[in-house]
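Peer 1: show me the folded form of this:
(2 chains)
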Amino acid sequence: MSLRTNTGSPDGLQTFPRLLFHHAKTRGDAPAIREKNLGIWQTWSWSDVTERVRALASGLAALGFKRGDNLAIIGDNRPHLYMMISAAQCLGGVPVPLYQDAVADEMLFVLEDAAIRFAAVEDQEQVDKLLEVMDRAPLLKHIVYDDPRGMRHYNQPFLHDIHALMEMGRIHNRNHPDFLDEEVAQGQASDISVMLYTSGTTGKPKGVCQTHAAFIASARGGMQIDKLDAAGDILSYLPMAWVGDHLFSFAQSLVVGFTINCPESGDTVMTDLREIGPTYYFAPPRVFESLLTSVMIRMEDASAIKRGMFHYFLGVAKRCGGAILDGKPVGLGDRLLYGLGTLLVYGPLRNVLGLSRIRVAYTAGAAIGPELFGFYRSIGINLKQLYGQTETCAYVCLQPDGQVKPSSVGAPAPGVEIKIADNGEVLVKGPMLLKEYYRRPDATAESIDADGYFLTGDAGFLDADGHLNIIDRAKDVGKLANGAMFAPNYIENKLKFFQHIKEAVCFGHDRDRVCAFVNIDAGAVGNWAERRGIAYSGYADLASKPQVHELIKTCIDEVNATLAQDAMVADSQIHRFLVLHKELDPDDDELTRTRKVRRNFVAKKYQVLIDALYGGKATQFIETEVKFEDGRRGKVAADLRIIDAKTFPAVKQAA
Amino acid sequence: MSKKIGDVILDLQNISLRFGGVKALTDISFDVREREIRAIIGPNGAGKSSMLNVINGVYHPQEGVIVFLGQERKRMEPHHAATQGIARTFQNIALFKGMSVLDNIMTGRITRMKANFLEHALWLGRARREELEHRKKVEEIIDFLEIQHIRRTPVGRLPYGLQKRVELGRALAAEPSMLLLDEPMAGMNVEEKQDMCRFILDVNDQFGATIVLIEHDMGVVMDISDRVVVLDYGKKIGDGLPDEVKNNEDVITAYLGASH
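Peer 2: Residues are numbered from 1 along each chain as shown, chains lettered A, B, ... in the order given. Predicted structure coming up:
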């Protein structure tokens, strides 16, 4: 069957429910969703999914869900929750996925802001959170839950088991056989298909309203570039509230028709990845990083012969693997060696990682280290970068096959126009732009200029090949006291590329020099410490070891050496740093839910530490409040050592 | 919570147990009702573990009568206990360290396997059908205890708290009507204890299992048990609702300590 018949838009398939019903009609037996349940992968075909979506939608209608209503979706990636998205869309309602690990009070904001009357949640945990804030969210009238476990004693009339809802819907369907088709027929491409909340790096989260047309255009553009087809598999494990998951697991799956696979639980993702062997994979850089770290740690324990072979062939791959993947000319000797390496190392390694069937893998959300990026490409995994944000359906730039550079995020995607503003900010225009921020005409007006360009807030430039390079958040790019450019993210990313450093925050705007906070990576540094027989009791203890400080200092010195190479950033060398006594955590509002540092918040919270860094002190006492996952609070205190790093004289730009 | 506590299913009457001249238990009587959580507490050496061992037939009391499910016996044998639906966990974890979590829990199903050795060896029809059925049950337990991620991990490589959970899983695999837990929370941190409490309550609630439990953590005992029996030097010094026991003078002096 040709792909076009599944996905073409001319035949009126301009909304997601119509796409879904089309799949059920033309290829009803093909797998749509898989989920591992009781140790066995269960498959729902497109017909099964459609039947359930119809039942769910009719059930919702029977409960009083109407066109224009918003449906909160809260939970891990569960088939029923994806179906709930479709069900809401069938009725002309708007699904609003929330981050499932948010605490109740954070959810309250969205519940109020989006005027949520209906919520579909995964399990007892989420139900409990909603019950906790229900008296403060008077609009919330109905909660549907997927997993009945632990719900036996909940007898509130507004709680509905999802299977009961489906039964209700099936009865409604029998009594009103034409109802749902009429509702779906009313749907327009310009209707809002989903509302995704921005992570709130800056201020309160805003609801981004995206239309069917925008997400369908984005999904279709990606499909063209990467020649995706309906036989593919994707592992859906990233938060449903995140635009990337909505694009890859929902929109593209419906447009292209490939299968989404839901892992058994958050802890089993690695095993599930290996079992499914997806053809299409998306992960933020930190996932690729932790994958690599775990492999490297395990290799350290392997026998000397294996270790030798591993490192030898990684060397070969580093030399020629990327070029082979890009189809560039490579000498016969290297080709033969690489072939042997595939047999002995790369193939088995890809298999262990669960990436042996990968045709396209993407990373985005943060900068990825060139070494890390190069590593995956060199062992034959077609890892690429993309660039986009919630407001653009995560669809602005994609790296086309054969034109992959670690520094850029790729060429503008089909249908997208890019313009660089005078202040260096990246402006974009195209079919994927948001319709509006929910009930925030002021914010909408601010973010879109007179010519219809969306202001991304990122600073960047287009290189000679027309590829976009991102430097930093436009507002974060500051100046040192001497007027030199200070791009904190740029430096922090360089730091985070070291496996021992998990997070870094640099300061320097309006100051004479740059100082930094560092979070060590508990796994990698812990392992490093064990190998050296350094005993430690926990994160805070590990972070206070002088040996660890030495280790981090070598990383910082190395970064300083590379910074010194470039006249633009030579002044941004890190003069002093400290290792924080606790991990920066979204629960303490230090990171966003997508794990980006909230720079200003951190600066304010740890003001005494910044003063100590710039005040030349050698140690500083700090006590910090921490919030535990169950909402309790505690305190951690520590005396932090402040360490001077080695700086290098700026190298005069020769080339 | 609307929990239905049923009739007495285990009645221990005047149990005395001696090892030579050492009196481990002296004239102890108490009963356990269906679907209740019954705690046995007491200082070290009070005879708590001996009591459990009497219930599941490892020790045979010299005096006294055990009435289980209406059947009166002088002595219980371990295999009687197992086939009649009494399962237990141990104070010191007793799992097969080299076997995976899945296989360990599978061993809990052995009393329920009907196919004979030859059928299993040759993987004949009945053995195969049975294996699938048992595996399904085991998977349900794995799901219940939220240990999917360690399904294939050898038990010896797991941290203590998870091993305890696996042991509970193996006991559950026998689909017991009565579950004996010997210090299920010993050596755990607060979070692991909370998890374990939740699982015990869920087992009691969802599977309707009767639970007899020995525990030292008073907070846990008072929180989750329906009735508590207190032993000291092999004698029963208190029996009743948690609040009654808490205010019992003898118990306070003997167990909680008068001088503190």
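
Peer 1: distance between the ends of stretch A:567-578?
Peer 2: One end of stretch A:567-578 sits 26 Å from the other (CA to CA, to the nearest Å).

Peer 1: buried sites along that stretch?
Peer 2: A:569-578 (16 or more other CB atoms under 10 Å in any protein chain shown). C-beta: built from backbone N, CA, C; applies to glycine.

Peer 1: can you list contacts of that stretch?
Peer 2: Stretch A:567-578 is contacted by residues A:480, A:482, A:484-487, A:490-491, A:506, A:508, A:513-518, A:552-553, A:556, A:559-560, A:563-564, A:609, A:612-614, A:620, A:640-645, A:647-648, A:650-653 when judged by CB atoms under 8 Å, 6 or more residues apart in numbering or on different chains.

Peer 1: what about A:Val345, how many neighbours?
Peer 2: When counting by other CB atoms under 10 Å in any protein chain shown, one arrives at 20 neighbours for A:Val345.

Peer 1: surely it touches A:Arg307?
Peer 2: No. At 11.2 Å, A:Val345 does not count as touching A:Arg307 under the criterion of CB atoms under 8 Å.

Peer 1: farthest-apart pair in the buried residues of stretch A:567-578, please.
Peer 2: The largest separation in those, counting by CB to CB, is between A:Ala570 and A:Leu578 at 22.9 Å.

Peer 1: for whichever residue of the stretch 151-300 of chain A sits closest to chain B, grab the count of nearby residues.
Peer 2: At 3.6 Å from chain B, A:Asp267 is the closest residue in the stretch 151-300 of chain A, using CB to the nearest CB. Residues near A:Asp267, counting by other CB under 10 Å, number 14.

Peer 1: so it sits in a helix?
Peer 2: Yes. Judged by DSSP: H, G, I helix; E, B strand; the rest coil, A:Asp267 forms part of a helix.

Peer 1: now stretch A:75-83 - C-alpha only, CSV.
Peer 2: The C-alpha trace of stretch A:75-83 is given here as CSV (Å, rounded to 0.1, in the frame of the first residue of the first chain):
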residue,chain,number,x,y,z
GLY,A,75,-0.2,10.1,33.7
ASP,A,76,2.6,8.1,32.2
ASN,A,77,2.4,7.1,28.6
ARG,A,78,-0.6,4.8,28.7
PRO,A,79,-2.6,3.6,25.6
HIS,A,80,-5.8,4.7,27.2
LEU,A,81,-4.5,8.2,27.8
TYR,A,82,-3.5,8.5,24.1
MET,A,83,-7.0,7.3,23.2
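
Peer 1: roughly how far does whatever residue of the stretch 1-150 of chain A ends up closest to chain B sit from B:Thr153?
Peer 2: Nearest residue of the stretch 1-150 of chain A to chain B: A:Leu38, at 3.9 Å (CB to the nearest CB). For A:Leu38, the distance to B:Thr153 equals 18 Å [CB to CB, to the nearest Å].

Peer 1: which residues in the stretch 1-150 of chain B form helices?
Peer 2: Per DSSP state H, counting those that start in this stretch, the stretch 1-150 of chain B carries helices over the ranges B:48-55, B:78-83, B:101-107, B:117-122, B:125-144.

Peer 1: most tightly surrounded among these?
Peer 2: Ranked by mean neighbour count under mean count of other CB atoms under 10 Å in any protein chain shown, the helices of the stretch 1-150 of chain B are led by helix B:48-55, which reaches a mean of 23.

Peer 1: got the contact list for the helix-or-strand element of chain B with minimal mean pLDDT?
Peer 2: Within chain B, no helix or strand scores below helix B:117-122, which has a mean of 74 by mean pLDDT, DSSP states H and E. Here helix B:117-122 makes contact (CB under 8 Å, 6+ apart) with B:113, B:124, B:126-127.

Peer 1: contact residues of chain B facing chain A?
Peer 2: B:1-2, B:135-136, B:139-140, B:142-144, B:146, B:148-149, B:151-152, B:202, B:205-206 (CB under 8 Å from any CB of the partner chain).

Peer 1: kindly recompute the last result at 10 Å.
Peer 2: Selection of chain B residues close to chain A by CB under 10 Å from any CB of the partner chain yields B:1-3, B:102, B:135-144, B:146-152, B:191, B:194, B:198, B:201-202, B:205-206.
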